[in-house]
Every structure is written in C-alpha cells, then in structure tokens.
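Asks: Pasting a predicted model and its sequence here:
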Amino acid sequence: MTIKSLDGLRGIAVLFVVLSHMSLERINLLSALDFSGAGKMGVYLFFSLSAFLLTWQALNTDNSIPRNQMYWAGYFLRRMLRIYPLYFIALFVSLMMTNLIPGYTPRITSPSDLFEHLLLQKGTSIYWAIPVEFCYYLVLPIVVFALQFARRAHQLGPLSLAVVAVIVSSIAWPSSETPANSVQLGPYLSIFLLGSLIASIVTSELIRDQSKRNHLLSITGFFALIIALMTVPAFWREAIDPTISNRAFHKDFLLYGLLWGVCILAAVKGARYFTALFEWTPIRFMGRISFSIYLWHYPVIQLVARDIALQPWLQFLLVITIALPLSWISYRLIERPFISWGHRKTNHW
C-alpha cells in the first residue's frame, strides 16, 4: 500500500537537500531564496520517514511479525537491494571522478575507501546519511518487537517506551558532542524512534478517522511545517537573529524528530487540505526517485557551478534539467528492477 502524501514528503526532503547544496554554490532561482544549511533538515525528514514506513509496514501486516523469521529475512534482503546496488555504482563513479577531476566531491580515493563506505564505516560528504539510516534498518526488528510488546501491556505503552528511549539516547549521545556528518546511529536515534512511535500510533486505536480530530492534526501539521521552515538559516536570520550560522540547527535532532513526526502523522491522518499539499504530482515524482536524486544531484551542481558560467537562475534551471532526467533514468534502470526483484523473491517466502 502506497501513501501518496508520504511520497510527497519524501520529495520535500530531497528538495531541501538539493536547494541547500545549490545555495551553497550561489545557484539560486531568486537571490532571496537562500536555502544554505537546510540540507540537514531534509536528511532528518528522510530518517523520520524511513523509520515510520518500515515500522508501519511491520506493525500493520501481522501481529506475529516480530517473531516471523521469514518476514525479517525478506525485510533485510529488500533493504539491501533498495540501497546497495545504486550506492555501489555511485561510490564507483566517485572513485573514478576523484582520480580524473581535481577537487571533485564526494572523494573516494581508493578501492579500500570504497569498501569502507560499503561496510558502513565511513560516509564522505553526502554519503554520511547512508550508514546512519542503514544501521537503523538493522535495529528496527528490536524496535518493532518492543513497541508491540509495550502496546500489549498498555495502550499508552509505546508512548512511554519511546519517551524513555529518546531520553536515554539523548543522554548517551549528547547532540552537543556529535561531530558534523557523524556516521554513528546513536546521536540520531531520537529522530528514528519518534518516526517509529508515529507508526505505532497510526496502527493503533489512538487515532481514529474522525473529522474534528483530523482537522486538529492538520492544523498542528501546518504549525510544525512552518516552524521547520523557519529553521532555514536565511529565514531565521531575516526574521529573528541576523547572526546565526548555517549550522545553527544541525544538531537539533529532537526538535526535528518532533516536527517531522507531527508532519508525518498529519500527512497520514490529517484532512484533505493538508495531505493535498504533498500529493501534488511533481512533488510525488521527486519523492519516488529521491534516492537517485540524492546521490546524483551533487556532482551535477559541482559541474554547473565550476564549468558553466551563466546567470544563477539559468544555472539553477540547468541543474534541474540535468539532475531530474538523470535520476529518473537511474531509478528506472537500477533502483526499480532491484526493488521489484526483491519483492517478487520475498513474496514467495
């Protein structure tokens, strides 16, 4: 089952990343639209969405899922096929380009460097988010089992469990001590755990399809989205504090976990006037091919910024003109065949 609004949210997430990297290279459609430093909030939305969707699928499928070994074997195979084929190709391209083009980023300097990335030990440049997310894939079965056990104990058990887990993880991995682009899962656990909690709420009886409640969720979702947008550094400088840096909100993991969790809940259970915002076809299209966009947009931006001297708005259009078709081809030829094969294979288990 596909939730259209979540495709759109994924499109919004990758749009933040792309706009941030273009702004850092001074490639803007309009000079006033500066998204420098907003890429992290897009990545954190990816984290929250992944946690929600994978937890929702497990909890919504069958009450015996946590104990079903074949389900989890299929789950791990599908995750491997979803990430690794295209990731390996992107790493290999980076290895080739690093040796051919001085100053190219992400830098993959040797085959051993490439394999360290594949083993989730490193995450150069834009690749840092992949080890973090994949490590949560590995611990997700434990999270699902704990949430289901807590739900059987009490209706509010998952909420209590998640609050305790978020507090413990925040103490164990203080955000203030987290290096930039850390590939360790611990500091970001609060984002993932809150995404999984929202999945538990959606699959429980706590949120029913009632008009008044849906309107309240939608209004709350709008507020969360507005607050998230206000943390774009340029917007914050314009409205509140002109001195903040582009990295000002990069370590506010709990804040983004809460904001994106609320947005996801509103996108799934909110009223039509909220969900329609994310069901717009172009945004959903970007969401479907978002992994390819994430991996290929940065080399395109570098090429245009360094080698093609045009007005910023023309560079902006050129990046979009190159990156979107390239990502669509990547999705059709690499991502989708492996995804489809994984689903066909595991559906027989």
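Replies: Looks like it arrived, so ask away.

Asks: if I look at G195, how far off is A51?
Replies: The spacing between G195 and A51, counted by Cβ to Cβ, to the nearest Å, is 3 Å. Any C-beta I mention is one placed from the backbone N, CA and C, and that applies to glycine too.

Asks: quick one: furthest residue from the center of the chain?
Replies: Computed with Cα atoms, centre = their mean, the residue of the chain farthest from its C-alpha average is A309, at 32.0 Å.

Asks: Now do the same for that one: helix, strand or coil?
Replies: coil (DSSP: H, G, I helix; E, B strand; the rest coil).

Asks: That one and I320, how far apart?
Replies: Between A309 and I320 the computed distance is 18 Å (Cβ to Cβ).

Asks: what are the phi and psi values for the residue farthest from the centre of the chain?
Replies: Main-chain dihedrals, A309, degrees, to the nearest 10: phi -80, psi 100.

Asks: Could you check how far it is from P299?
Replies: Going from A309 to P299 by Cβ to Cβ gives 18 Å.

Asks: what about A13, how many neighbours?
Replies: 25 (other Cβ atoms under 10 Å).

Asks: give the contact list for it.
Replies: Counting by Cβ atoms under 8 Å, 6 or more residues apart in numbering, A13 makes contact with 42-43, 45-46, 49, 287, 290.

Asks: tell me which residues in the helix or strand hosting A51 are buried?
Replies: Counting by DSSP states H and E, the element that carries A51 is helix 39-61. Buried residues in helix 39-61, counting neighbours by 16 or more other Cβ atoms under 10 Å, are found at 39-59.

Asks: can you check stretch 318-338 too?
Replies: Per 16+ other Cβ under 10 Å, stretch 318-338 contains these buried residues: 318-319, 322-324, 326-328, 330-331, 334-335, 338.

Asks: and these, which of them are in helices?
Replies: Judged by DSSP state H, the subset of these located in helices is 318-319, 322-324, 326-328, 330, 338.

Asks: Just give me the closest of those to I244.
Replies: For these, the residue nearest I244 by Cβ to Cβ is V319; the value is 26.6 Å.

Asks: Would you check that my belief about that closest one contacting I27 is correct?
Replies: Yes - assessed by Cβ atoms under 8 Å, V319 is found in contact with I27 at 6.3 Å.

Asks: Spit out the residues that contact the two alike.
Replies: Common neighbours of V319 and I27 (Cβ under 8 Å, 6+ apart) are 301, 304.

Asks: circling back to that earlier point, show me the two of the contacts of A13 that sit farthest apart.
Replies: So, the contacts of A13 by Cβ to Cβ: farthest apart are V43 and G287, at 14.6 Å.

Asks: Neighbours of F249, how many?
Replies: 22.

Asks: List the contacts of it.
Replies: Taking Cβ under 8 Å, 6+ apart, one finds 37, 40-41, 231, 233, 236, 255-256 in contact with F249.

Asks: For stretch 246-258, buried residues please.
Replies: 246, 249-258.

Asks: Mind listing what's buried along the lengthiest helix in the chain?
Replies: Longest helix in the chain, counting residues (DSSP H): helix 69-100. Within helix 69-100, the residues scored as buried using 16+ other Cβ under 10 Å are 71-72, 74-75, 77-79, 81-83, 86-87, 90-91, 93-95, 97-98.

Asks: next one: stretch 12-29
Replies: 12-25, 27-28.

Asks: Tell me the one of those residues nearest L314?
Replies: When the buried residues of stretch 12-29 are ranked by distance to L314 (Cβ to Cβ), I27 comes first, at 9.4 Å.

Asks: For that closest one, which non-adjacent residue is spatially closest?
Replies: Q315 (4.6 Å; Cβ to Cβ, 6 or more residues apart in numbering).

Asks: What of E279?
Replies: K4 (4.6 Å).

Asks: what's the distance between the one you found and S327?
Replies: For K4, the distance to S327 - Cβ to Cβ - is 20 Å.

Asks: Now do the helices in the stretch 101-250 of the chain.
Replies: For the stretch 101-250 of the chain, applying DSSP state H, counting those that start in this stretch gives helices covering 111-118, 129-153, 157-172, 189-202, 211-230, 233-239.

Asks: So which of those helices is nearest A267?
Replies: Here helix 211-230 is closest among the helices of the stretch 101-250 of the chain (Cβ to Cβ), at 6.9 Å.
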